[in-house]
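S.K.: okay, predicted coordinates and the sequence, questions at the end:
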Amino acid sequence: AARVPIYGTKDAGRGFWKQLRSDIVATGLKENAIMRALYYFQVDGDIKCMLATHVDDMIWGVKEGFEYLIDQLLAKFSLKKVEHTTFRFCGREVNQDDDYTIHVTCKDNVEKVEAISYDLKGRRPTDAAFDYEISQLRSVVGSLAWVSRQCRPDLSYGVSKLQSVCAKARVQDMIMANKLVRDGAAGSDIGLHFHSGTFKWKDMIAITVSDASHANEESIVGGALEPHRSQRGRMTLIGDARAMTEETAHVHVISFSSTLIKRICRGTLQAETYALQGGVEETMRVRAAIVDMMGKLDIKDWESTAATAMRHVWMTDCKSLEEHLKNPTFSKCADKRLSIEIAALRQLLWMMPDGTIVDELDDACPDVVRWIDTSTMPSDCLTKYMKPDRLMDMMKTGILDLRATAQSLLIKMRKQKSQKGALTDGPL
């Protein structure tokens, strides 16, 4: 009888993971209570070492003087190679500058994606694709989906849209897929950039940025394409506390997503609410994982203890949603389900970690909702096909810029002037 996992058996993978976990914990690192493949070592809330595992690969960062933690672990395994500063991890290229700024790209993978081969002669954009073309489309979408999840949020919307219609693909869908392939290859150097020294670990906040596009998408239902579906996009960021009130703030992009809302939304408010709800819940999980590494999380009461230790700002460009959430008096919506969703979000805003309900939202509240102008919304390109300039600038510079564009300000001034004129003219 074997006392160790045997390669090829059903329990080999789990056996290896259990042994690896045991060895990591034995070195003094602690398993994160929220993200179980993440380990850390902290002293008085200051992270000295952080290590993440993926199957049999490991990636870590360690401060000077605590290298012994990793050395103890590596001594227990026969390693193929250990790389520093510049390397590939799970298909991604990772590069670290001398100032510790980190760049993550998927250049090699996205450049290898091949376009779909099809003949347009005599075919209209709405004509159905042939089976062999759909097979190519599935391969392309699968490859681009992986790349977009790793470090290319600018491709997320297009990938999500194609995933929704892949089984009933048309010529226009193949055209869009090939355009995504070209966009991906042309921007193969695009990725996530984590600038060093821009904010402090102990003072940072969590940020949710959500957006939605109402009733502009299609989905396959019962083997046929149905319209009027809504798309939602969300981003989870961490950054300095200036994001609470000021127009610019340093941030790191932690996660992002562009997905179709399964439920048909009757209005923009409903779509925006679902988008914000999904984004807030994801960011709450990330916040709890960070607070656990600070040594301040009580897993039995993780929501409250995480909120006490780290503030969270929700950003939306839907003014009516912001007003619903900030209104001291709860106003029911005609749609009961939407009313419940808004009530759940309001509870997170108005109820303090100790269970008390505040009379007004102020700086003492751990969660805050903030309206931002549509022209500054970095998640906008996660809900529709458009130029992702605002998102690209944020990813490249590490700065969240919430200053409205001149064009947006001009449009607002025209609307205000028009509304003022209508009021002064009075009835005929």
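M.R.: Done, it's in.
S.K.: C-alpha only now, for contacts and for neighbours.
M.R.: Will do.
S.K.: tell me where the protein has helices.
M.R.: Applying DSSP state H to the chain gives helices spanning 12-26, 67-74, 107-111, 131-151, 156-165, 171-186, 268-293, 302-309, 319-326, 336-350, 389-397, 406-425.
S.K.: now render these as JSON lines, adding distance to Arg232.
M.R.: As requested, these are arranged in JSON lines below (distance: least, CA to CA, whole Å):
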{"stretch": "helix 12-26", "distance to Arg232": "35"}
{"stretch": "helix 67-74", "distance to Arg232": "41"}
{"stretch": "helix 107-111", "distance to Arg232": "24"}
{"stretch": "helix 131-151", "distance to Arg232": "15"}
{"stretch": "helix 156-165", "distance to Arg232": "9"}
{"stretch": "helix 171-186", "distance to Arg232": "19"}
{"stretch": "helix 268-293", "distance to Arg232": "5"}
{"stretch": "helix 302-309", "distance to Arg232": "24"}
{"stretch": "helix 319-326", "distance to Arg232": "15"}
{"stretch": "helix 336-350", "distance to Arg232": "15"}
{"stretch": "helix 389-397", "distance to Arg232": "16"}
{"stretch": "helix 406-425", "distance to Arg232": "22"}
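S.K.: and those, which one averages the lowest pLDDT?
M.R.: Least confident of the helices of the chain, judged by mean pLDDT, is helix 406-425 with a mean of 73.
S.K.: now do Gly426, the pLDDT please.
M.R.: Gly426 is given a pLDDT of 55.
S.K.: go ahead and confirm Leu260 touches Arg229.
M.R.: Yes: applying CA atoms under 8 Å, one finds Leu260 in contact with Arg229, separated by 7.2 Å.
S.K.: the two: which has the busier surroundings?
M.R.: Set Leu260 next to Arg229 and count neighbours by other CA atoms under 10 Å: Leu260 wins out with 23 against 20.
S.K.: count of neighbours near the closest residue to the more buried one other than its chain neighbours?
M.R.: Closest residue to Leu260 apart from its sequence neighbours, by CA to CA, 6 or more residues apart in numbering: Gln231 at 4.5 Å. By the criterion of other CA under 10 Å, Gln231 has 29 neighbours.
S.K.: contacts only, for Gln231.
M.R.: Going by CA atoms under 8 Å, 6 or more residues apart in numbering, Gln231 touches 212-217, 258-261, 271, 383-384.
S.K.: hey, what's it bridged with?
M.R.: Ser213, Leu260 (DSSP bridges).
S.K.: any idea how far it lies from Ser164?
M.R.: Distance of Gln231 to Ser164, computed by CA to CA, to the nearest Å: 11 Å.
S.K.: before we move on, back to that, find residues that contact each of Leu260 and Arg229.
M.R.: Glu217.
S.K.: if we can go back for a sec, dump the helices of the chain into TSV; add distance to Arg124 and mean neighbour count as well.
M.R.: Output for these, formatted as TSV (distance: least, CA to CA, whole Å; neighbours: other CA atoms under 10 Å):
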stretch	distance to Arg124	mean neighbour count
helix 12-26	50	15
helix 67-74	59	15
helix 107-111	29	18
helix 131-151	15	19
helix 156-165	17	23
helix 171-186	7	19
helix 268-293	32	22
helix 302-309	53	20
helix 319-326	40	17
helix 336-350	40	17
helix 389-397	32	18
helix 406-425	37	11
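S.K.: for Met235, find the nearest of the ones you listed.
M.R.: Of all these, it is helix 268-293 that lies closest to Met235, at 6.7 Å by CA to CA.
S.K.: and of the helices of the chain, who's closest to Ile205?
M.R.: Once the helices of the chain are compared by CA to CA, helix 268-293 is nearest, at 8.4 Å.
S.K.: so how far is the closest one off the chain centroid?
M.R.: 9 Å (CA atoms, centre = their mean, to the nearest Å).
S.K.: next, the angle from that helix to helix 319-326.
M.R.: For helix 268-293 against helix 319-326, the angle by axes from the mean of the first three to the mean of the last three CA atoms, to 10 degrees is 50 degrees.
S.K.: coming back round to it: Ala241 is nearest to which of the helices of the chain?
M.R.: It is, among the helices of the chain and with distance given as CA to CA, helix 302-309, at 13.2 Å.
S.K.: what comes into contact with the closest one?
M.R.: Against helix 302-309 from outside (CA under 8 Å, 6+ apart): 284, 287-288, 291-292, 296-298, 352-354, 366-367.
S.K.: max pairwise distance over those: which two?
M.R.: Longest span within the contacts of helix 302-309, CA to CA: Asp292 and Met352, 19.5 Å.
S.K.: about what we covered before: need the contacts of Gln231 in a markdown table with distance to Ile116, can you?
M.R.: Output for the contacts of Gln231, formatted as a markdown table (distance: CA to CA, whole Å):
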| residue | distance to Ile116 |
| --- | --- |
| Ala212 | 30 |
| Ser213 | 28 |
| His214 | 30 |
| Ala215 | 28 |
| Asn216 | 25 |
| Glu217 | 23 |
| Ser258 | 23 |
| Thr259 | 23 |
| Leu260 | 24 |
| Ile261 | 28 |
| Ala271 | 33 |
| Thr383 | 24 |
| Lys384 | 22 |
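S.K.: put the buried members of those into a PyMOL selection.
M.R.: Only the buried members of these enter the following PyMOL selection, criterion being 16 or more other CA atoms under 10 Å:
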select buried, resi 212+213+214+215+217+258+259+260+261+271+383+384
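S.K.: quickly list what's touching both of Gln231 and Ser164.
M.R.: Leu260.
S.K.: need the nearest residue in space to Trp60, chain neighbours excluded.
M.R.: With CA to CA, 6+ apart, the residue lying closest to Trp60 is Leu51, at 4.1 Å.
S.K.: measure the one you found to Lys336 for me?
M.R.: Taking CA to CA, one finds Leu51 at 45 Å from Lys336.
S.K.: for Arg370, same thing?
M.R.: Taking CA to CA, one finds Arg370 at 25 Å from Lys336.
S.K.: what's the closest non-adjacent residue to the residue most central in space within the chain?
M.R.: The centroid of the chain falls nearest to Phe256 when counting by CA atoms, centre = their mean (1.7 Å). Nearest-residue entry for Phe256: Met235, 4.3 Å, with adjacent residues in sequence omitted and distances by CA to CA, 6+ apart.
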